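# What shape does this take:
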Amino acid sequence: MSDDKLTALSFATADDSEELARAELYGLLARLWMAAPDAALLEQFRVAVTQAPQEGAFLEGPWAALVAAMRATTPAAAAQEYDALFLGVGKPEVFLYGSYYLSGFLNEKPLAVLRDDLAELGLARDETRGETEDHIAAIFEVMRYLIAGDDVAVCNLEGQRRFFRAHVQPWAEKLCDAVQAQPRAQLYGALAELTRAFVQVETQGFDLLEQ
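Residues are numbered from 1 along each chain as shown. From the prediction side, this is the model:
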């Protein structure tokens with residue numbers, strides 16, 4: 001990866017279209033990592049989604065690959081792939097939890113640290129959902145909230161930067177590596193590549209803020 005090809009999405013005001021694009025992409029990633037796409041979502045990709053979140057930028061290739069993968073699959077095939085990768089009987093092929101990549105075990109200290117940080121943000125686990133807070137989808141939902149939420153005390157660039165540095169950057173690309181190492185990962189291989197590219201773009205954006 002060369003730096004001249006990696007263009008960060010702008011960190012601008014909350015009402016700017018580029019900020020909305022960031023929030024929407026985090027939301028889409030969260031949706032696809034939480035569960036396989038249903039027929040309605042696949043149909044949206046078939047009829048409407050053509051452009052990357054930032055035209056001509058580092059995300060364009062991975063975005064096009066994800067769109068192609070979404071258009072090539074079916075609800076049943078996508079669900080079968082998701083179940084085989086992430087929900088297998090016994091130990092799944094790929095774990096979706098940060099604690100596993102940060103400590104080698106589930107429900108370890110990284111999850112406790114995350115829960116403390118979420119509490120400081122005024123956020124708590126949805127008890128109706130079975131996933132722990134360090135699921136990649138939950139992490140991306142927090143980032144979406146920190147970009148697009150109305151509570152300016154926490155939904156600001158500094159809040160985004162701190163949460164991203166602590167809970168996204170250290171492990172998200174390791175998850176992508178694990179997914180792409182699986183031969184059966186077709187749709188989710190494409191999702192992993194877009195996730196990797198987006199994390200790299202976000203990392204560069206926060207690097208620029210710290211200079």
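# The protein: helices as residue ranges?
17-34, 39-47, 60-72, 75-86, 98-103, 109-120, 136-148, 157-167, 172-180, 187-210 (DSSP state H).
# Look at residue 53 and say how many residues are nearby.
Counted with other CB atoms under 10 Å, the neighbours of residue 53 add up to 19. Yep, even glycine has a C-beta here, placed from its N, CA and C like the rest.
# can you pull the contacts of it?
With contact taken as CB atoms under 8 Å, 6 or more residues apart in numbering, residue 53 is in contact with 9, 21-22, 24-25, 59, 63.
# Then residue 84?
With contact set as CB under 8 Å, 6+ apart, residue 84 has these partners: 93, 184.
# how close does it sit to residue 51?
Taking CB to CB, to the nearest Å as the measure, residue 84 and residue 51 are separated by 31 Å.
# cool, and residue 31?
Counting by CB to CB - residue 31 and residue 51 are separated by 19 Å.
# neighbour count winner among the two?
Relative neighbour count places residue 31 above the other of residue 31 and residue 51, with 15 against 11, counting by other CB under 10 Å.
# ok, back up a step: I'd like the helices of the chain written out as TSV, with distance to residue 92 added.
Converted to TSV, the helices of the chain look like this (distance: least, CB to CB, whole Å):
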stretch	distance to residue 92
helix 17-34	13
helix 39-47	22
helix 60-72	20
helix 75-86	5
helix 98-103	10
helix 109-120	17
helix 136-148	13
helix 157-167	21
helix 172-180	10
helix 187-210	12
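# can you redo those helices as TSV with distance to residue 129 and mean pLDDT?
Putting those into TSV (distance: least, CB to CB, whole Å; pLDDT from 0 to 100) gives the following:
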stretch	distance to residue 129	mean pLDDT
helix 17-34	9	92
helix 39-47	19	93
helix 60-72	24	94
helix 75-86	15	97
helix 98-103	16	95
helix 109-120	14	95
helix 136-148	8	96
helix 157-167	18	96
helix 172-180	19	98
helix 187-210	20	94
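# And for the nearest residue to residue 125 once chain neighbours are set aside, the neighbour number?
Take residue 125 and drop its neighbours on the chain: the residue closest to it by CB to CB, 6 or more residues apart in numbering is residue 133, 5.4 Å away. Other residues near residue 133 number 23, with proximity taken as other CB under 10 Å.
# same thing with the one 4 residues further on?
Residue 137 is flanked by 17 other residues according to other CB under 10 Å.
# how about the nearest residue to it once chain neighbours are set aside, what does it touch?
With CB to CB, 6+ apart as the criterion, residue 137 has its nearest non-adjacent residue at 3.7 Å, and that residue is residue 34. Contact analysis of residue 34 by CB under 8 Å, 6+ apart lists 131, 135, 137.
# Which of those residues sits closest to residue 189?
Ranking those by separation from residue 189, with CB to CB as the measure, puts residue 137 on top at 17.4 Å.
# what's the spacing between the residue nearest to residue 137 and residue 165?
Taken as CB to CB, the span from residue 34 to residue 165 is 23 Å.
# How about residue 179?
Here the criterion is CB to CB. By it, residue 179 lies 23 Å from residue 165.
# more crowded one of the two?
It is residue 179, of residue 179 and residue 165, that has more neighbours when counted by other CB under 10 Å, with 23 against 13.
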